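Participant: Next come a sequence and a model predicted from it.
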Amino acid sequence: MPQKVNLSLENIQHVGIPVTNIVASENFYRNLGFENVMQANFIYENETGTCIMMKQGNIIIELYQMPQKELSAIAERKDGHVDHVAFDVPDINKTFSALSTAGYHIIETAPVQLNFWKNGCKYFNVLGPDNERLEFNQVL
């Protein structure tokens, strides 16, 4: 069991939802009053996926569509599912170090840089007891 750590969690940064049709999902959330505040591609196993951040007030929902070969696993589900919960942190390296030292199961070997937001962001994921993913994210 990992040790207790005192983290500075500021907010839930976003909730990530895998989708099978990014355009249809974006329109659905737009109809609920969300706005696409950012869109970026990402590479997964040498193929390109798409991610958009939909925002309303202080709520951010990340919609992402995996590359074509990964879509079948998402499409086979009968229910939708939330993929991860992300927390804003003020210092990603300090948070990574604290959780690593305390024995948490961190998926990445170091914080990952993405070209999201104005100046990018860094994140890493921790697995919970039922393999749920908790993402720690610093917008730079």
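Facilitator: Happy to help now that I have it.

Participant: how about the residue nearest the centre of the chain, what does it touch?
Facilitator: Compute the mean C-alpha point of the chain, and by C-alpha atoms, centre = their mean the closest residue is G16, 5.0 Å away. In this structure, G16 makes contact with E62, Y64, V82, D83, H84, V85, A86, E135, judged by C-beta atoms under 8 Å, 6 or more residues apart in numbering. C-beta coordinates here come from the backbone N, C-alpha and C atoms, glycine included.

Participant: can you tell me which residues contact the closest residue to the fifth one other than its chain neighbours?
Facilitator: Across the structure, with C-beta to C-beta, 6 or more residues apart in numbering as the measure, the residue nearest H84 apart from its sequence neighbours is R133 (4.0 Å). Under the criterion of C-beta under 8 Å, 6+ apart, the neighbours of R133 are D83, H84, V85, I107, N125, V126, L127.

Participant: just those residues now: which is nearest A24?
Facilitator: If you rank these by distance to A24 using C-beta to C-beta, D83 comes first, at 17.7 Å.

Participant: and that closest one, how many neighbours does it have?
Facilitator: Residues lying near D83 (other C-beta atoms under 10 Å) number 14.

Participant: Setting aside sequence neighbours, what's the nearest residue to N21?
Facilitator: Closest residue in space to N21, ignoring its immediate chain neighbours: Q65 at 7.2 Å, by C-beta to C-beta, 6+ apart.

Participant: Beta-bridge partners for that neighbour, please?
Facilitator: The bridge-partner assignment for Q65, based on DSSP bridges, gives T50.

Participant: And it, how far from T95?
Facilitator: Distance, Q65 to T95, using C-beta to C-beta, to the nearest Å: 28 Å.
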